Structure formats: structure tokens, C-alpha cells
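# coords please:
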Amino acid sequence: MKVRFLGTAAFEGIPAMFCGCELCKKAFELGGKEIRTRTSVMLDDDLKIDFPPDTFTHMVRERLDLEAIRTLLFTHSHSDHLYAEDLVARLPGYTRTADSPLPVYGNELVVTMIKAKLDAEGGAQGRYSLNRVRPYSRIELHDGFAVPLPVVHDPMETCLLYYIEKNGKAMLYGHDSGTFPDETWDWLKDKKLDLAILECTMGHSPYRKSHMNIEAVLETNARLRDDGILKDGGSVVVTHFSHNAQLLHTDFQAIFEPHGIQVAYDGMQLEIE
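Next comes the predicted model:
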């Protein structure tokens, strides 16, 4: 399974808009891995998780064929994960080639927001199949399946993370989230992951209720390994960074790599053998 990290920042990106803090200044100066767009990943070029406002940039930078996407999963409705306005670009009058429905899966609010944007343009017109999902419901993929799991993020919304089995490999897409709830750990206890993707929005901040900080990431990593949920030789990757953490890519590497955790950057690719 090929995993491509299209964006690795939290809502405001790095460097953040309207910000001249030291981290943002350093990001401009250093470029490269310090430039982070809003978070999304692509699996095997045909399964995309979230659709942020930087998707056009991701398409051009990575030379993505968005028409190769067979499934679009959403974690929640926040604007750095769902930019429904750009989904309109798959409707007639905007594209000349899309001619089949793209299956979209998300919670009730995600589906409602996407439907509202499409309805304003005349409806889905055969270009999207909108599917409301609930925790623990199985989503069939053409080469596997996904299961949404409950997560602690926004108390006004059923936010989701995803357990995915694809082409014989198993992964956890574990954000946006604070510390995982007990019911999610219970569901994962007999699973064997090849890859776990976590977030570290909060850096050294003591806050960990709706996003993870460094301490929460390290605890989650340890539990995945100690409980045998992560396979021997399995990988843990951390992403979704805020400029408020005031940490460069090399700073995150110094913190996480001694614990066997990889630090994602925009454009990073992994091959899960």
C-alpha cells in the first residue's frame, strides 16, 4: 500500500496566514519541509482522506490524477478537512471528463454541507454518491474496507478516525483527535496495524482534549506497541502540526524519532510492504 502525505499542517498552515511569528518567519526562510499545507493523505492513488482547501495545490504539486479517486472519506466538517466548494468542480460545466459517481463517506454534517453546495449548482447530477456513516459501520472499498471509529474532537459533531484494510495491509488514520476514547481502544485491541497515523497539533502545550500534544502522541505510540496493536515492524507517523507549537521539522524529528515515530512532511511517501 502506498501512502502519500499531501499536506501536514493544521488549519492555519505553516507559515500561517496573517502571522509573523518566529516559526512562520523561519518556515519562509528555510522552505522545503517547513512549508506545510492543510492535512490530507492519498492511499494507492485511489482513496483520499479529507478534501482541504489546498487540494488544488496538492494536485498540481504532486501531479495527482483526481479522476483516479474511487473513494473519498471525511473525518469531520472543519474547513481544513472539508472544502466543499471545490467539490463542485466535478460537476458538469466545470469538468469535461468526469462521468461517473464518486462515492463520498462522512458524518451527517459532512454530507449535509456537501449536499448544500452541490444543490446550489443543480445537484449531484450523477457525479457524487453521498453516504452518511456512523461509528463501526463497514465501508466497502474495491480492494478492502474501512471502519469509522469515534474520536474526541468537536463535542458538537460525530468526528471520526478510520481503520482501513487495503490490499492486505491495515492502517489507522487517527486524527483529528485528542486521547482516544476507551471504546475506540476496545475496538482496536485485536487488530494488527501495519501503520498508524497520529496528529500532534499542540506541540508542548499541556492541552490534549481535542487534539494531541507530544505527550499524548508518545503515550498512544507506547500503547499501540505494548498492546500488540501495532505489528512488529509496523510504522507510526505523526502529522497535522500547528505553527503555535513553534517547532521546526528537525525539532519534531529530535523528539519523535528516538521513539520510532516518523515525522511527516508535505509530499512524503511510504510503501507499506
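# Give the burial count for Glu22, as a bare number.
Neighbour count for Glu22, taken as other CB atoms under 10 Å: 9. For the C-beta atoms, the positions are set from N, CA and C on the backbone; glycine is no exception.
# check contacts around the spatially closest residue to it that is not a sequence neighbour.
The shortest distance from Glu22 to any non-neighbouring residue, by CB to CB, 6 or more residues apart in numbering, is to Gln246 (6.8 Å). Counting by CB atoms under 8 Å, 6 or more residues apart in numbering, Gln246 touches Cys21, Glu22, Leu23, Gly203.
# for Tyr94, same thing?
Tyr94 touches Val88, counting by CB under 8 Å, 6+ apart.
# Against Tyr128, how distant is it?
13 Å (CB to CB, to the nearest Å).
# ditto for Glu67
Separation of Glu67 from Tyr128 (CB to CB) stands at 13 Å.
# May I ask you to confirm that Thr37 is in contact with Ala9?
Yes. Counting by CB atoms under 8 Å, Thr37 does reach Ala9; the two are 5.9 Å apart.
# so what's Leu195 closest to, chain neighbours aside?
Using CB to CB, 6+ apart, the closest residue to Leu195 is Met171 (4.0 Å).
# tell me which residues of the strand or helix carrying that neighbour are tucked away?
Met171 is part of strand 169-173, with elements assigned from DSSP states H and E. Applying a neighbour-count criterion of 16 or more other CB atoms under 10 Å, one finds Lys169, Ala170, Met171, Leu172, Tyr173 buried in strand 169-173.
# Same check on stretch 172-185?
Residues of stretch 172-185 classed as buried: Leu172, Tyr173, Gly174, His175, Asp176, Ser177, Gly178, Thr179, Phe180, Thr184, Trp185 (neighbour count, 16+ other CB under 10 Å).
# which ones among the residues you listed are found in helices?
The helices, defined by DSSP state H, take in Thr184, Trp185 from these.
# Export the buried residues of stretch 172-185 to TSV and append columns for pLDDT and distance to Ala196.
Below are those laid out as TSV (pLDDT from 0 to 100; distance: CB to CB, whole Å):
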residue	pLDDT	distance to Ala196
Leu172	98	4
Tyr173	98	9
Gly174	97	6
His175	93	10
Asp176	96	15
Ser177	96	12
Gly178	96	16
Thr179	95	14
Phe180	97	11
Thr184	98	12
Trp185	98	13
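# farthest-separated two in the buried residues of stretch 172-185?
Spatially, the most separated pair among those is Asp176 and Trp185, at 17.4 Å (CB to CB).
# ranges for the helices of the stretch 151-273 of the chain?
182-188, 214-226, 249-256 (DSSP state H, counting those that start in this stretch).
# Centre of the chain to the last one, how far?
For helix 249-256, the gap between its own C-alpha mean and the chain's C-alpha mean amounts to 20 Å (CA atoms, centre = their mean, to the nearest Å).
# Report how many residues lie close to Ile261.
For Ile261, the count of nearby residues is 21 (other CB under 10 Å).
# thought it was touching Asn221?
Yes. Counting by CB under 8 Å, Ile261 touches Asn221, with 5.7 Å between them.
# which neighbours do these two share?
Leu198, Val236.
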